[in-house]
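In: Take this sequence and fold it.
(2 chains)
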Amino acid sequence: AQKVTQAQTEISVVEKEDVTLDCVYETRDTTYYLFWYKQPPSGELVFLIRRNSFDEQNEISGRYSWNFQKSTSSFNFTITASQVVDSAVYFCALSGKAGANNLFFGTGTRLTVIP
Amino acid sequence: EAEVAQSPRYKITEKSQAVAFWCDPISGHATLYWYRQILGQGPELLVQFQDESVVDDSQLPKDRFSAERLKGVDSTLKIQPAELGDSAMYLCASSPTGAQSLNTDTQYFGPGTRLTVL
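Out: Predicted coordinates for the structure are as follows:
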């Protein structure tokens, strides 16, 4: 069974602080994909990153970075120098079996950046 | 930039009434998904289409929910009759290739329809 756990329900940081959002997943598949999405108050899910299970290289995109560790089944997301516009709910998601494509989402982490 | 379109953005209805939501995926995307997101939770898949065919509707409450994608482009999700527990955000997403692909495509989401059942 596929499962994603985001243990942090809510996080508040002061602007310019760094913040890490945790994601732990469970799957029996050997090939799988992991995703992060951002959901601002408007409601739309905005795609941030997609990573396959064979690529454990960390990735950096501007102020965003992702740390994928297969050994601990974690795919954590760090925002450096947070900004008020980063305030949103962030979801980690796991793909289903190859070819099925449906996503299993965690319960999300609400990030509030205080100016 | 191509986007997934959904309408209406908000819908308020009384229980036992019928409601319908519309989704227009990104042009050329073969796969279309409907998700339901209850407040405070992550989205959960209701139904997945490849072109006009249903690939997965195992989580769709078929006694009251129906979905179609007749021409393999836009799609409609219907609830009849609506119940109080159906209050949620209904999200549509699309991805480029077919469900038989060995890879998992990125899904792109629309703005959602927020349903309130009174």
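In: show me where chain B has strands.
Out: Counting by DSSP state E, chain B has strands at residues B:5-7, B:10-13, B:19-24, B:31-37, B:44-50, B:53-56, B:65-68, B:75-79, B:88-95, B:108-109, B:113-117.
In: Which elements pack onto the longest one?
Out: Using 3 or more Cβ pairs under 8 Å, 6 or more residues apart in numbering or on different chains; DSSP states H and E as the contact definition, the elements that strand B:88-95 packs against are strand B:5-7, strand B:19-24, strand B:31-37, strand B:75-79, strand B:108-109, strand B:113-117. (Glycine included, C-beta is placed from N, CA and C.)
In: Name the residues of chain B found near chain A, please.
Out: Contacts of chain B with chain A, taken as Cβ under 8 Å from any Cβ of the partner chain, map to B:31, B:33, B:40-45, B:48, B:55-56, B:89, B:91, B:93, B:95, B:99-112, B:114.
In: quick one: pLDDT of the residue nearest to residue A:72 when sequence neighbours are not counted?
Out: In space, and not counting its chain neighbours, residue A:72 is closest to residue A:24: 7.6 Å by Cβ to Cβ, 6 or more residues apart in numbering or on different chains. Turning to residue A:24, the model gives it a pLDDT of 98.
In: quick one: residue A:24 and residue A:8 touch, right?
Out: No: with contacts counted by Cβ atoms under 8 Å, residue A:24 stays clear of residue A:8, the gap being 10.9 Å.
In: tally of neighbours for the closest residue to residue A:45 other than its chain neighbours?
Out: Computed as Cβ to Cβ, 6+ apart, the closest residue to residue A:45 that is not its neighbour in sequence is residue B:109, at 3.9 Å. For residue B:109, the neighbour count with other Cβ atoms under 10 Å in any protein chain shown is 22.
In: Residue B:30 against residue B:48, yeah?
Out: No: using Cβ under 8 Å, residue B:30 makes no contact with residue B:48, being 11.1 Å away.
In: More neighbours: which of these two?
Out: Counted by other Cβ under 10 Å, residue B:30 and residue B:48 do not tie: residue B:48 has more neighbours, with 27 against 17.
In: mind putting the strands of chain B in JSON lines, mean pLDDT included?
Out: Output for the strands of chain B, formatted as JSON lines (pLDDT from 0 to 100):
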{"stretch": "strand B:5-7", "mean pLDDT": "96"}
{"stretch": "strand B:10-13", "mean pLDDT": "96"}
{"stretch": "strand B:19-24", "mean pLDDT": "97"}
{"stretch": "strand B:31-37", "mean pLDDT": "95"}
{"stretch": "strand B:44-50", "mean pLDDT": "94"}
{"stretch": "strand B:53-56", "mean pLDDT": "90"}
{"stretch": "strand B:65-68", "mean pLDDT": "97"}
{"stretch": "strand B:75-79", "mean pLDDT": "98"}
{"stretch": "strand B:88-95", "mean pLDDT": "96"}
{"stretch": "strand B:108-109", "mean pLDDT": "93"}
{"stretch": "strand B:113-117", "mean pLDDT": "97"}
